[in-house]
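# Build me a model:
(chains A and B)
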2 protein chains.
Amino acid sequence: MSSTAPRTTGQDRLWSVDEHLEDILATVRPLEPIELQLLDAQGCVLVEDVTVPVSLPPFDNSSMDGYAVRVADVAGACEEFPAVLEVVGDVAAGQADPLTVGPGQAARIMTGAPLPPGAETVVPVEWTDGGLGEGPVTGMRARALAPEGAAGQVRVYRPAEARAHVRDKGSDVKAGDRALEAGTVLGPPQIALLAAIGRGTVRVRPRPRVVVLSTGSELVPPGEELRAGQIHDSNSFALTAAARDAGAIAYRVGAVADDAETLRATIEDQLVRADLMVTTGGVSVGAYDVVKEALSHTGDEDEPGSGVEFRKLAMQPGKPQGFGSIGPDHTPLLALPGNPVSSYVSFELFVRPAIRTLMGLEDVHRPRARAKLTAGRALTSPKGRRQFLRGAYSDGTISPVGGSGSHLVAALAQANALIVVPEDVETVEPGTEVEVVLLG
Amino acid sequence: MSSTAPRTTGQDRLWSVDEHLEDILATVRPLEPIELQLLDAQGCVLVEDVTVPVSLPPFDNSSMDGYAVRVADVAGACEEFPAVLEVVGDVAAGQADPLTVGPGQAARIMTGAPLPPGAETVVPVEWTDGGLGEGPVTGMRARALAPEGAAGQVRVYRPAEARAHVRDKGSDVKAGDRALEAGTVLGPPQIALLAAIGRGTVRVRPRPRVVVLSTGSELVPPGEELRAGQIHDSNSFALTAAARDAGAIAYRVGAVADDAETLRATIEDQLVRADLMVTTGGVSVGAYDVVKEALSHTGDEDEPGSGVEFRKLAMQPGKPQGFGSIGPDHTPLLALPGNPVSSYVSFELFVRPAIRTLMGLEDVHRPRARAKLTAGRALTSPKGRRQFLRGAYSDGTISPVGGSGSHLVAALAQANALIVVPEDVETVEPGTEVEVVLLG
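Residues are numbered from 1 along each chain as shown, chains lettered A, B, ... in the order given. Modelled structure (predicted):
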């Protein structure tokens, strides 16, 4: 809990969406960095400034397949009067012991191979006869099929300036340069650079491990038959998928029945693999609201940041919410309401930013946009509650899908945005510009 | 190969970027669908229309924690003259054997629990004394702590209309409705709906398995010391990350030395786990261009779609490219050039769309935008080549980062877009509007 939100007042007052979010973001801290193999660090945030240990390229090398020569030897060369040079051998990429190129000599050189001592420039193979004596060629024959190309004579038909087709040592980055700043998110191009400068591992904040757990004695896994009064567990599937989508490693725990002891035991059991715990259901005012019952008085009251607080938010859907930390490591826990739409909307607004904060990302929120409401009739919203309706956003317009009911999961599956109706607005006429949260 | 691009002409002509891409997209086919567990299908494309087997909700249920009553019994109730009803027990969510509510009776009911026979409406607990006889309450005490709440009397302070706070059976979706259409990409909300209607598995196109293999005798894994003439392998890391980013399951194979036999053996060995194979390097006109040497004459000439063709593209970077299919299953193979920037740009333009085509996605390309060029001087581009420069895009403007050299991996790591300079443009002045490809 942040100091601005003393726990004692939590049960009594109505929290705004922003207050609840601020409290979460003030409490959740980025995970401790660890050293990861390069490909395991994909999507993670770098925590160190990475310096270039060795200049790139590490040596002068050819940018073409051709011949490494001395400038004077090809000066004035043309098709009628080619320069005729002695081929002293091949310089292939990765070759350990390069040749030396003397006056009147050429080394056949491949892209990426080091410019051999004595050579001052590279003429592309297309400017030569490739050693065949029959005018300009389009390429070399494979060494394996035509080893004679590494010897004999080559006719060069065009002159070349000094260091033409040569990539200078250090022309990409120099030793001591900063390759990447702390805070950089590692995508494919950044991984390319880290590999190129020789970094096999890198120090990043790891992906958070998020345990997702639904509660409710009525819940049956999909694929199993429903008996009277039962429904299928959808929250644990949806939020596991959403947690992965946010960047987490997510573990789905099957639905837990409404029994406080079982729930407490399950949570304790799962804590070992959780950087963040998310529960659904059991947070409202009923007599079987097991999450509230099991977690309301867990933490040591004297220990700051311990214990879970249950709140009412000025929000629809998603009024009842729990937030706090549990266990010896003060693992953050978000207890979301159980209706599928409520839990999903709560995830997007509160859990996703928490996950991305754990990752050390700066940009923790879904993007928002302004959009013109396209609807057959006005939207209505309860006074004093911030309403999040599901909508289909396209090209600056938004149409509501389904109603405001928090059980309408079919409509949710057709939505790609949330329509935000502020606390002080009770009616939104078609044609009005509204704020929308863009989902994925 | 498509029929419009006969193989015999491939080596001789210059292909446009669009022709090469069209050829790839005309050849690569979506993967055969398989039945996957719901969470394994995240991000995949559904291939069946999914119908709702049982209406949601499957039974009338309460949307509030409260009391299930008969309408007549609470008609006219107010704080001064509350309706006093006999509490016959609890109806919790998932409870197998619901009570019956008779005249003058109330069942304490929890959110999501079935409306018991005899009851016509639900009054929220906040409209009652919760059985305590001390005026309106804010919630119920936990059943475990106060079992007496399930019996005794309750005072109701407000009337309720018939079916108030009741979610009707089928009000979300009805049995027989189409829940999701074939072609839908399964994100968290779609997974929520599939779980809710009881689908434990679903038929989708799987994620393609992409094997990434770099070639070059000069390549050393990052983390190992460089000797003379060596550089670190970055392509296999960058493209493995990029393949994952595109939605694939990617396998990185370490760099293979420039030996045709070794390369052929490695590719054959890897084929078993590849839906698509990507190589880097060895596709140009040098004498050690091992990919070209190893794959130029693999397929049976009589068999359509077999064999790999090496081409020159009117493109910078990325002129030399190979494409075709190999092995008994005609596994598609894209042979990219070896310079880090060339291979990455080629991946974005050709491999990513191929991966997304394998996935069955409709939207296979990176988004493009128009942007105003911000630069200290004009960009120059070779005539007849479509140039892709690296740029930093922000808010409708683009600034080039680094030069056009295809070895400039440091600048690539600062870019978030590619600037497209068309074939017929040789100079782009600052302030000009250009097309950009937005990278992730």
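# The host helix or strand of residue A:255: which residues count as buried?
According to DSSP states H and E, residue A:255 maps onto strand A:249-256. Buried positions in strand A:249-256, judged by neighbour count with 16 or more other CB atoms under 10 Å in any protein chain shown: A:250-253, A:255-256. (C-beta placed from N, C-alpha, C; glycine too.)
# now stretch A:320-328
Per 16+ other CB under 10 Å, stretch A:320-328 contains these buried residues: A:320-327.
# and if you look at stretch A:45-57?
With burial defined by 16+ other CB under 10 Å, the residues of stretch A:45-57 counted as buried are A:45-47, A:50, A:52, A:54-57.
# Keep those residues, but drop any that are not near chain B.
A:52, A:54, A:56-57 (CB under 8 Å from any CB of the partner chain).
# ok, residue A:137 - how many residues close by?
Neighbour count for residue A:137, taken as other CB atoms under 10 Å in any protein chain shown: 16.
# hang on, it is in a helix, isn't it?
No: counting by DSSP: H, G, I helix; E, B strand; the rest coil, residue A:137 is located in no helix; its state is coil.
# Give me the pLDDT value at the nearest residue to it once chain neighbours are set aside.
Spatial nearest neighbour of residue A:137, excluding adjacent residues (CB to CB, 6 or more residues apart in numbering or on different chains): residue A:130 at 3.7 Å. Residue A:130 carries a pLDDT value of 95.
# helix or strand for residue A:130, which one?
Counting by DSSP H and E, residue A:130 is found in no helix or strand.
# cool, residue A:23 as well?
With DSSP H and E as the test, residue A:23 turns up in helix A:17-27.
# Report all helices and strands that that helix contacts.
In terms of contacts (3 or more CB pairs under 8 Å, 6 or more residues apart in numbering or on different chains; DSSP states H and E), helix A:17-27 is packed against strand A:307-313, strand A:320-326, strand A:331-336, helix A:352-358.
# from what I can see residue A:433 touches residue A:369, true?
No: Residue A:433 lies out of contact with residue A:369 (CB atoms under 8 Å); the separation is 10.2 Å.
# And for residue A:95, the neighbour number?
Neighbours around residue A:95, by other CB under 10 Å: 22.
# measure it to residue A:196 for me?
Plainly put, residue A:95 is 20 Å away from residue A:196 if you go by CB to CB, to the nearest Å.
# can you check residue A:394 too?
Per CB to CB, residue A:394 is found 41 Å from residue A:196.
# now the buried residues of stretch A:320-328 in JSON lines, with pLDDT and distance to chain B?
Below are those laid out as JSON lines (pLDDT from 0 to 100; distance: CB to the nearest CB, whole Å):
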{"residue": "A:320", "pLDDT": "95", "distance to chain B": "10"}
{"residue": "A:321", "pLDDT": "97", "distance to chain B": "14"}
{"residue": "A:322", "pLDDT": "96", "distance to chain B": "14"}
{"residue": "A:323", "pLDDT": "96", "distance to chain B": "18"}
{"residue": "A:324", "pLDDT": "95", "distance to chain B": "18"}
{"residue": "A:325", "pLDDT": "94", "distance to chain B": "22"}
{"residue": "A:326", "pLDDT": "94", "distance to chain B": "18"}
{"residue": "A:327", "pLDDT": "93", "distance to chain B": "22"}
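# which of the buried residues of strand A:249-256 lies closest to chain B?
Distances from chain B to the buried residues of strand A:249-256, taken as CB to the nearest CB, are shortest for residue A:252 (6.6 Å).
# List the contacts of the closest one.
By CB atoms under 8 Å, 6 or more residues apart in numbering or on different chains, residue A:252 lies in contact with A:212, A:236-237, A:240, B:39.
# now with 6 Å?
A:212, A:236, A:240 (CB atoms under 6 Å, 6 or more residues apart in numbering or on different chains).
# And what about the second one, helix, strand or coil?
Yep, that's residue A:236 we're talking about. Per three-state DSSP, residue A:236 ends up helix.
# for residue A:285, same thing?
Applying three-state DSSP: residue A:285 is coil.
# Apart from its chain neighbours, what residue comes closest to it?
residue B:139 (2.9 Å).
# ok, now residue A:121?
Using CB to CB, 6+ apart, the closest residue to residue A:121 is residue A:160 (4.4 Å).
# Assumed residue A:389 was part of a helix.
No: Residue A:389 is assigned strand when assessed by three-state DSSP, not a helix.
# mind checking pLDDT for it?
96.
# and the end-to-end length of stretch A:197-214?
With CA to CA, to the nearest Å as the measure, stretch A:197-214 spans 46 Å from end to end.
# got it, and stretch A:168-187?
27 Å.
# what does stretch A:400-411 give?
9 Å.
# I'd like the average pLDDT over that stretch.
pLDDT averaged over stretch A:400-411 gives 83.
# can you tell if it touches chain B?
Yes: with CB under 6 Å from any CB of the partner chain as the criterion, chain B is reached by stretch A:400-411 at A:407-410.
# Need the residues you listed in JSON lines (columns: secondary structure).
Shown next, in JSON lines, are the residues of stretch A:400-411 next to chain B (three-state DSSP):
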{"residue": "A:407", "secondary structure": "coil"}
{"residue": "A:408", "secondary structure": "coil"}
{"residue": "A:409", "secondary structure": "helix"}
{"residue": "A:410", "secondary structure": "helix"}
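# neighbour count winner among residue A:394 and residue A:196?
Shown here are residue A:394 and residue A:196; by other CB under 10 Å, residue A:196 has more neighbours (28 against 12).
# quick one: pLDDT of the more buried one?
What the model reports for residue A:196 is a pLDDT of 97.
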